[in-house]
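Asks: task: produce atomic coordinates for the following.
(one chain, ligands or ions: 1)
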Amino acid sequence: MGSQQKAWYETESLKSLYIKASSNAMRNYHGPIVSPKTTFTGTNSLIDFANHLGSFLSAEDKRVLLVVDKDLPKFGEKVAETLKTMKQIDSRIFSNVLPEVPRSTVMEAVEVCNEYDPKAIIAIGGGSAMDTAKMILLLYEKPEINLNNLMAPSYLGLRKKVYILAAIPTTSGTGSETTFIAVVTDTDREPPKKTEVVLYELCPDFVVLHTDFVKTMPPYLTMGTGMDALAHAMGSYVLTMSTEYTDINNLKAIQMILDYLPRAIKRGNDLEARSKMQLGSYIAGIGFGNVSGGVEHGLGHSFGALFHAHHGVCVALYLSISLAFQSKATDRFKDLAKVFKIKIEGRQRDEILRELLEKLRAFMKLVGCPLSISELEKPKISREEYMSKMDQMVEYAFDDYTTLSSTRKLDPPTIRWMYEIAYENKLDDIMELFYK
Ligand SMILES: [Fe+2]
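Replies: You can find the predicted model right below:
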């Protein structure tokens, strides 16, 4: 971002090495487990957090920057008021949070920080607010940094100016509250490309999961973000970079999402379902965040950058394709099948996979998620339009950070084939990715 220069993970020579390195050599050499320090849950969570923050910040440091989604000013005001009345903490609200996180808005907030000198940054909103807050922390403390060269193990020593990064998610699905990834848009490329900044120090220190912040989420957003969480857990589970730690998180998250997402969509004020989805998405965030997003994320990012559908719907549209393609090289889909209550013993691999995809598609139908690009309503995309951007989608997907982690090696012709299948997403066509 900030130049035409490409990011390190787009380097040609690295791609062929990466699958081997990440699955074998690196796994037993470098594998930190990263998660927030404290996550406050339940109806007292905001007060717990305010108490903690109030005790941590000394009297002369009681200034926080609240990075608030444009459409949710009341949540920003509620947090500001709680911090002020309980602990005399002052705040500034920065609400120019845009989808896809363009660098220009981040720099605008950095200017505010230069003047205001906040000692904590608190994101209140969905993935864009949380990613914006991470980028503000990074570019406020290290304005000279070249984002294209950052890798997770780069240690920059952040938190010299801002001591605390916190997140109060208002959607349940992105997992950004638990991850050290910020998805931002490189607006200097034409057309713009989504770029991942991956750095351990971007993981928030504190998280507040309070149902007051999610109970008014409308059904389509509940569905889209919930499907994002499901794609995080299922998509990353099949990656060979997974560990026992990420496995337990991903498998539990899938179960919770299957149980509670339909309820949260049907009745928004079902607080049990809302609260389980908050936690389920958070757990999926821990799961995928400590592995990588799956192939469906690489395909979905590139499609989303060009067609502007909801991120969760984008990745859900490519989830079956991602699972079918990689299942040729791994048996891990069988564990997913068990969560979907599919019989494994004595059955052929393709039979199990097919039933898993059938059940996944039935679930998508149940929650109102389109099964293919042709079924997508927001926005409607004709086959001609879709095909006209094929070359760009393939190029961006091949260069996406997440495709490096694929359990089965990806090349541009295969990615093109996947994209072609996805327009109709017929099950027989998807299964061909497994057979070939
Ligand atoms: Fe996602």
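
Asks: going forward, measure contacts between C-alpha atoms and count neighbours the same way
Replies: Will do.

Asks: mind checking the SS state of residue 173?
Replies: coil (DSSP: H, G, I helix; E, B strand; the rest coil).

Asks: typo on my end, it should be residue 121
Replies: Applying three-state DSSP: residue 121 is strand.

Asks: tell me the contacts of it?
Replies: Contacts for residue 121 (CA atoms under 8 Å, 6 or more residues apart in numbering) come out as 64-67, 133, 137, 162, 164-166.

Asks: any idea how far residue 161 is from it?
Replies: 11 Å (CA to CA, to the nearest Å).

Asks: okay, now the domains of the protein?
Replies: Following automatic domain parsing, one gets these domains for the chain: 38-213, 217-435.

Asks: residue 91 - that's part of a helix, no?
Replies: No - using three-state DSSP, the assignment for residue 91 is strand, not a helix.

Asks: identify the bridge partners of it.
Replies: residue 64 (DSSP bridges).

Asks: I'd say it and residue 63 touch.
Replies: Yes - shown here, residue 91 and residue 63 form a contact pair, counting by CA atoms under 8 Å, at 5.5 Å.

Asks: how about stretch 130-143: buried residues?
Replies: 130-141 (16 or more other CA atoms under 10 Å).

Asks: no wait, stretch 33-46
Replies: For stretch 33-46, using 16+ other CA under 10 Å, the buried residues are 34-36, 39-41, 45-46.

Asks: okay, these in a markdown table with secondary structure and distance to residue 274 next?
Replies: What follows is those, written out as a markdown table (DSSP: H, G, I helix; E, B strand; the rest coil; distance: CA to CA, whole Å):
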| residue | secondary structure | distance to residue 274 |
| --- | --- | --- |
| 34 | coil | 25 |
| 35 | coil | 22 |
| 36 | coil | 21 |
| 39 | strand | 17 |
| 40 | strand | 15 |
| 41 | strand | 12 |
| 45 | helix | 15 |
| 46 | helix | 16 |
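
Asks: make TSV out of these and add pLDDT and distance to residue 56.
Replies: Shown next, in TSV, are these (pLDDT from 0 to 100; distance: CA to CA, whole Å):
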residue	pLDDT	distance to residue 56
34	96	22
35	97	20
36	98	16
39	98	16
40	98	16
41	98	19
45	98	16
46	98	15
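
Asks: from the residues you listed, which two are the most distant?
Replies: Taking CA to CA, the two most distant members of the buried residues of stretch 33-46 are 34 and 46; they sit 22.9 Å apart.

Asks: so of the contacts of residue 121, which ones are in helices?
Replies: 133, 137 (DSSP state H).

Asks: okay, which residue is most central for this protein?
Replies: residue 174 (4.1 Å; CA atoms, centre = their mean).

Asks: doesn't residue 225 make contact with that one?
Replies: Yes - between residue 174 and residue 225 there is a contact under CA under 8 Å: 6.4 Å.

Asks: phi, psi of residue 198?
Replies: Torsion angles at residue 198 (phi, psi; degrees, to the nearest 10) stand at phi -120, psi 120.

Asks: what sits against it?
Replies: Applying CA under 8 Å, 6+ apart to residue 198 gives the contacts 150-152, 180-182.

Asks: and it, what are its bridge partners?
Replies: Beta-bridge partners of residue 198, as defined by DSSP bridges: residue 181.

Asks: number of nearby residues for residue 180?
Replies: 25 (other CA atoms under 10 Å).

Asks: quick check: closest non-adjacent residue to it.
Replies: Leaving aside its sequence neighbours, residue 180 sits nearest to residue 203 (CA to CA, 6 or more residues apart in numbering; 4.1 Å).

Asks: do the same with residue 200
Replies: Per CA to CA, 6+ apart, closest to residue 200 is residue 180, 5.1 Å.
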